[in-house]
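[1] Just to be clear, the model below is a prediction. Sequence and coordinates:
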Amino acid sequence: MSFKDAFDAIREAFKLAEDVKSTGIKLQEISTELRDHDRRITRLEAQWDTALAIAGKKRLE
């Protein structure tokens, strides 16, 4: 293995590490967004149940 091969391998390892870090950041952003959507859906379900209760209807599940 030559010096150039070793240097290229190290460069690829750093690139891969950066790609993994970037992917982790994106996954964290997606996770946060997913939690926000889950909370919004929960609030909408509660509002829907309240509206049905006021209307005197049973919820269909």
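    Looks like it arrived, so ask away. Residues are numbered from 1 along each chain as shown.

[2] Got phi/psi on residue 2?
    The phi and psi values for residue 2, taken as degrees, to the nearest 10, are phi -90, psi 170.

[3] Can you get me a residue count around it?
    The tally of other residues near residue 2 (other Cβ atoms under 10 Å) stands at 7. In this view, the C-beta of every residue, glycine as well, is placed from N, C-alpha and C.

[4] From residue 28, how far out is residue 13?
    23 Å (Cβ to Cβ, to the nearest Å).

[5] Please enumerate the helices of the protein.
    Here the chain has its helices, by DSSP state H, at 3-55.

[6] Where does pLDDT dip in it?
    Within the chain, the segments meeting pLDDT under 70 span 58-61.

[7] if you set the cut-off to 80 instead, what comes out?
    Scanning the chain for pLDDT under 80 picks out 1, 57-61.

[8] For it, list the residue farthest from the centre, please.
    Here the chain reaches farthest from its C-alpha mean at residue 2, the gap being 42.3 Å by Cα atoms, centre = their mean.

[9] I'd like the distance between residue 53 and residue 16.
    55 Å.

[10] And for residue 35?
    Going from residue 35 to residue 16 by Cβ to Cβ gives 29 Å.

[11] again with residue 51
    On the measure of Cβ to Cβ, residue 51 and residue 16 end up 52 Å apart.

[12] can you check residue 5 too?
    16 Å.

[13] Please apply the same query to residue 41.
    Distance, residue 41 to residue 16, by Cβ to Cβ: 37 Å.

[14] and what of residue 37?
    Separation of residue 37 from residue 16 (Cβ to Cβ): 31 Å.

[15] And residue 27, by the same measure?
    The gap separating residue 27 from residue 16 is 16 Å, by Cβ to Cβ.

[16] ok, now residue 10?
    Distance of residue 10 to residue 16, given as Cβ to Cβ: 11 Å.

[17] Many thanks, we can stop here.
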